[in-house]
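J.: sequence and computational prediction follow.
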Amino acid sequence: MSNLSLFLGCVAPNRYPGIEAATKKTFSKLGIELDDLEGASCCPAPGVFRSFDKTTWLTLASRNIALSEEMDDDLLTICNGCYSTLKEAETELKKDSGLKKEVNEKLFETGHEFRGKHDVRHIIEYLYQDIGVDGIREMVSNPLDLRVAVHYGCHLVQPLKENDSELVTDHITFFDELVEATGARSVEYEDKMMCCGAGGGARAAVQDATLRITEKKLQNMTEAQVDCIVNACPFCHLQFDTGQQDINKNSCTNYEIPVLHYTQLLGLAMGFSSEELGINLNSTDTAVFIQRIKEGFVTA
Amino acid sequence: MISNIERCYQCGQCTSVCPMGEQEQTYRIRRFLQMEKLGLESEESMITPFIFYCTTCYKCQDNCPQGVNLVDAVLAIREKAVHKGKMLEAHKKVGQMLINYGHAVPTNADAMEKRALLGLDERPPTVQASIEGLSEIKTLMRLTGFDNLVAESKVETIPENTTMVQQACFTQQQAAEEKA
């Protein structure tokens, strides 16, 4: 197969399955069949569970990586939170043999072993490095004439900062380049690299404050007159999508910006319909956006 | 013990760029670090529940002239609080989700319907569809003591002053009608 197993995490399969469908469809079109990672659990979430008990966090993370290793695969995440957990756990265990031994003693009870022979990849990092911007451009059959607010998300950038300094420079562009390969334009907006607000368990702890952070981003995106938000993380996706509804209700606003995961944007550019990619299943109304795509809102 | 907070010289650069600090006056990362450095654990009521507000965006860490691993420090302070039984009700629920389902956000009827519409299996091929996998997760959480940690923790409630004041939404027309 492809030597890549798809790590779904929690939010994508259980709240935004369109992201899962879009990932499988776009990769299939790229000629890559992703292996299912049967029995994988929550990554577990980096800010929350890591701060409750680091040993638990590390143990469950290493089981997920071990499942992928047992298939002789690298692990592919479609979520920044999962990437942060799995990449950091992988890095810590690869460098600390004592810690690896301790974790493996627990994993042994469930018949697994973390060997540390494979890699954890984020889908954006994988597409940029292994398929390349030109490789993506070649696969685009419906170039998109869209103004996009790219949202990187903190837990994509941070692990890369520690593991790949080539991608993370003073002026980060790799995600923008992938977006522009679809024909779309990545629009500059104020505080582009700012957090969506949701991470670290803050959404659960103090949701109203996280929504005020989100609203600041939405304001800045609106001022930049974007057609949609494109993210690389189902949790940011959730915060922007359902968050808009909460903010509209609480703050007398009228935000209606469609929220897409990169795989959904790529899927549109590859000619899949919005329905095949689950864009119509968002909380925020996407009917106008979808109609414009259907009417050939493409440069073609 | 926390990695390198002894390098902090309290310049406040972290606090000045913190998006949560901008929203919540009670969230002051510099203060938490100073209290931790001085071992002011008797003042911990000033730390919980506020220490749980950090979104882990790393902006403070990026802005720190001393290279302090601030996010690691916050997470370690939290871990200590949780092990002492200080945990938010909402976080405790998230922990119980993990124990019960192997997912922090498990499936529901709405998700299963959406999956079917997309031609996906109603249950994803994760621990959600694997009794054996779930049993492994439970075994591991028993070995690490996570089940007890979540079950026995006392619960801190969030002070009322941090909840959002509900505003009534009026359209201009509604406002005009009210005046009339």
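T.: Structure received.
J.: checking the residue positioned nearest the centre of chain B next. Helix, strand or coil?
T.: Closest to where the C-alpha atoms of chain B average out (Cα atoms, centre = their mean) is residue B:52, at 5.2 Å. When classified by DSSP: H, G, I helix; E, B strand; the rest coil, residue B:52 comes out as helix.
J.: which one is it nearest to, not counting chain neighbours?
T.: Sequence neighbours aside, residue A:205 is the residue nearest to residue B:52 in space, at 4.5 Å (criterion: Cβ to Cβ, 6 or more residues apart in numbering or on different chains). Using the backbone N, CA and C atoms, a C-beta is placed for each residue, glycine as well.
J.: ok, residue B:94 next?
T.: Closest residue in space to residue B:94, ignoring its immediate chain neighbours: residue B:104 at 5.3 Å, by Cβ to Cβ, 6+ apart.
J.: that neighbour: how many residues sit nearby?
T.: Neighbour count for residue B:104, taken as other Cβ atoms under 10 Å in any protein chain shown: 25.
J.: what's the strand or helix carrying residue A:238 packed up against?
T.: Using DSSP states H and E, residue A:238 falls within helix A:234-251. Under the contact definition 3 or more Cβ pairs under 8 Å, 6 or more residues apart in numbering or on different chains; DSSP states H and E, helix A:234-251 sits against helix A:11-15, helix A:80-95, helix A:207-223, strand A:228-231, strand A:259-261.
J.: quick one: mean pLDDT for that helix?
T.: What helix A:234-251 shows for mean pLDDT is 96.
J.: on the three-state scheme, the residue lying closest to residue A:89 once chain neighbours are set aside is what?
T.: Nearest residue to residue A:89 in three dimensions, chain neighbours excluded: residue A:61, at 3.7 Å (Cβ to Cβ, 6+ apart). Secondary structure, three-state DSSP: residue A:61 is helix.
J.: from chain B, how far off is residue A:61?
T.: The spacing between residue A:61 and chain B, counted by Cβ to the nearest Cβ, to the nearest Å, is 11 Å.
J.: isn't that residue right up against residue A:87?
T.: No - counting by Cβ atoms under 8 Å, residue A:61 stays clear of residue A:87, with 9.5 Å between them.
J.: count the neighbours of residue A:294 for me.
T.: 10.
J.: for residue A:96, that is, sorry about that
T.: With other Cβ under 10 Å as criterion, residue A:96 counts 12.
J.: same check, this time on residue A:254
T.: Neighbour count for residue A:254, taken as other Cβ under 10 Å: 11.
J.: contacting residues for the residue in the stretch 1-150 of chain A positioned nearest to chain B?
T.: Residue nearest to chain B within the stretch 1-150 of chain A: residue A:39 (3.0 Å; Cβ to the nearest Cβ). Listed by Cβ atoms under 8 Å, 6 or more residues apart in numbering or on different chains, the contact partners of residue A:39 are A:67, B:126, B:127, B:130, B:132, B:133, B:136.
J.: which residues touch whichever strand or helix holds the last one?
T.: Secondary-structure assignment from DSSP H and E places residue B:136 in helix B:131-144. The set of residues that contact helix B:131-144 without belonging to it, under Cβ under 8 Å, 6+ apart, is A:38-41, A:53, A:55-56, A:59-60, A:63, A:106-107, A:109-112, B:98-99, B:101-102, B:126-127, B:147.
J.: show me which residues of the helix or strand that it is followed by are buried.
T.: With elements assigned by DSSP H and E, the helix or strand that comes after helix B:131-144 is helix B:146-152. Residues B:146, B:147, B:149, B:150 are the ones in helix B:146-152 that count as buried (16 or more other Cβ atoms under 10 Å in any protein chain shown).
J.: which stretches in chain B count as strands?
T.: Secondary structure of chain B by DSSP state E: the strands cover B:86-88, B:154-156.
J.: out of those strands, which gets the lowest mean score?
T.: Mean pLDDT across the strands of chain B is lowest at strand B:154-156; the value there is a mean of 52.
J.: how about low-confidence regions in chain B?
T.: Chain B contains residues with pLDDT under 70 at B:1-2, B:41-46, B:152-180.
J.: just the stretch 201-300 of chain A next, same as before
T.: Applying pLDDT under 70 to the stretch 201-300 of chain A flags the ranges A:297-300.
J.: let's see it at 90
T.: In the predicted model of the stretch 201-300 of chain A, residues A:251, A:295-300 satisfy pLDDT under 90.
J.: for it, which residues are neighbours of chain B?
T.: By Cβ under 8 Å from any Cβ of the partner chain, the residues of the stretch 201-300 of chain A that approach chain B are A:201-202, A:204-206, A:208-213, A:216, A:248-252, A:276, A:278, A:281.
J.: got a ChimeraX select line for the buried ones in those residues?
T.: Buried residues within those, by 16+ other Cβ under 10 Å, are selected in ChimeraX with:
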select /A:201,202,204,205,206,208,209,210,211,212,213,216,248,250,276,278,281
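J.: what residues are up against residue 104?
T.: No chain specified, so I'll use chain A. By Cβ under 8 Å, 6+ apart, residue A:104 lies in contact with A:62, A:113, A:114.
J.: switch to chain B, please.
T.: Listed by Cβ under 8 Å, 6+ apart, the contact set of residue B:104 reads A:10, A:42, A:44, A:45, A:48, A:49, B:94, B:97, B:98.
J.: and if you look at residue A:207?
T.: Residue A:207 is in contact with residue A:246, counting by Cβ under 8 Å, 6+ apart.
J.: where's the residue nearest to residue A:88 when sequence neighbours are not counted relative to chain B, distance?
T.: Distance criterion Cβ to Cβ, 6+ apart; nearest residue to residue A:88, sequence neighbours excluded, is residue A:159 at 6.2 Å. Residue A:159 is 10 Å from chain B, where distance means Cβ to the nearest Cβ.
J.: the closest residue to chain A within chain B and residue A:35, how far apart?
T.: Using Cβ to the nearest Cβ, the closest approach of chain B to chain A is made by residue B:133 at 3.0 Å. Using Cβ to Cβ, to the nearest Å, we find residue B:133 at a distance of 16 Å from residue A:35.
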